[in-house]
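Peer 1: coordinates for the following, if possible.
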Amino acid sequence: MVKNTDHSKLAGEGRGGEGRGGEGRGEERRGEERRGEERRGEERREERRREEKRREEREREEKRREEKRREEKRREEKRREEKRREEKRREEKRREEKRREEEKRERREKEEKREERG
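Peer 2: As a prediction, this is how the structure comes out:
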């Protein structure tokens, strides 16, 4: 006599009605488990998609902030450059005014010397 080594029948698994105490629910239970696994797999995929979207949004937000910082730096540099140019203009005006004053003074002195001599 051959000994039965198919333990699935003893545990009530397999096709309906076979084995002890399985009451034909093995396939049904496995189907529920499979659907549960599929549902969990879908939930995991959905969560990964949501996480990917959040990550992409964070990256876009970081890029926007970085661009704002760069733009602010450019504006600040332009302001500083404009200030330097304005200061140069003022300095040039002061020099020009000094030169004119110096020329006037020299002309007056020459005029005064000429009057003293003549």
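
Peer 1: just how off-centre is the strand or helix carrying Lys68 within its chain?
Peer 2: For Lys68, the host element (DSSP states H and E) is helix 26-117. Put simply, helix 26-117 sits 15 Å off its chain's centre (CA atoms, centre = their mean, to the nearest Å).

Peer 1: let the chain start at 398 from now.
Peer 2: Understood, numbering begins at 398; the last thing we discussed is helix 423-514.

Peer 1: mean confidence for that helix?
Peer 2: Average pLDDT, helix 423-514: 93.

Peer 1: what helices or strands is it leaning on?
Peer 2: Applying 3 or more CB pairs under 8 Å, 6 or more residues apart in numbering; DSSP states H and E, one finds that helix 423-514 contacts no other helix or strand. Every C-beta, even on glycine, is put in place using the N, C-alpha and C of the backbone.

Peer 1: ok, the most centrally placed residue in the chain - contacts?
Peer 2: By CA atoms, centre = their mean, the mean C-alpha position of the chain lies nearest to Glu459, the distance being 1.7 Å. Applying CB atoms under 8 Å, 6 or more residues apart in numbering to Glu459 gives no contacts.

Peer 1: how near is it to Arg487?
Peer 2: 42 Å (CB to CB, to the nearest Å).
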